[in-house]
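Trainee: I need the structure of the sequence given here:
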Amino acid sequence: MPLTIGSIAYVCLLLINSIAILNHDRFLVPLGLTASGPHQPHPTPQQYSYGPGFDAYGHPDAVAEGPGVKQRLVTLVGAVRTLMRIPLIPINCVVIIYELLLG
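Mentor: Numbers count the residues shown, from 1 in each chain. You can find the predicted model right below:
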């Protein structure tokens, strides 16, 4: 199969479908990919030894860096499951009819 725009779109559709059908309890929770993870409160300014945004060794604090890769992945999965579930139904129907007639 040559690398064309159609094949790239087909692969993207399959990936979005696979994210959209993930079961929250069977797949996401055992991997720890939930939005309600262990909440760590932000330290007060008196707890900093080198000022806000730095840890005890002078390195930038993880609180100042923003959300990590895992939290961004959780947000992406949640967004795809919420926003793309309804539009995927007609898109999949069009692709199935196309594959049946011209595939």
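Trainee: burial check on Thr34, number of neighbours?
Mentor: Neighbours of Thr34 under the rule other Cβ atoms under 10 Å: 12. Yep, even glycine has a C-beta here, placed from its N, CA and C like the rest.
Trainee: so it lies in a strand, does it not?
Mentor: No - using DSSP: H, G, I helix; E, B strand; the rest coil, the assignment for Thr34 is coil, not a strand.
Trainee: now for the strand or helix carrying Ile91, which elements pack on it?
Mentor: Assigned by DSSP states H and E, Ile91 falls within helix 85-102. Contact analysis of helix 85-102 by 3 or more Cβ pairs under 8 Å, 6 or more residues apart in numbering; DSSP states H and E lists helix 5-20 as its packing neighbours.
Trainee: okay, and for the protein, where does confidence drop off?
Mentor: Within the chain, the stretches with pLDDT under 70 are 1, 35-66.
Trainee: neighbouring contacts of the helix holding Ile91?
Mentor: Applying Cβ atoms under 8 Å, 6 or more residues apart in numbering, the contact partners of helix 85-102 are 10, 13, 16-17, 20.
Trainee: please apply the same query to stretch 4-23.
Mentor: Residues contacting stretch 4-23 (Cβ under 8 Å, 6+ apart): 1, 28, 76-77, 80-81, 84-85, 88, 91-92, 95.
Trainee: how about those, which pair is most distant?
Mentor: Largest separation among the contacts of stretch 4-23 by Cβ to Cβ: Met1 and Leu28, giving 31.3 Å.
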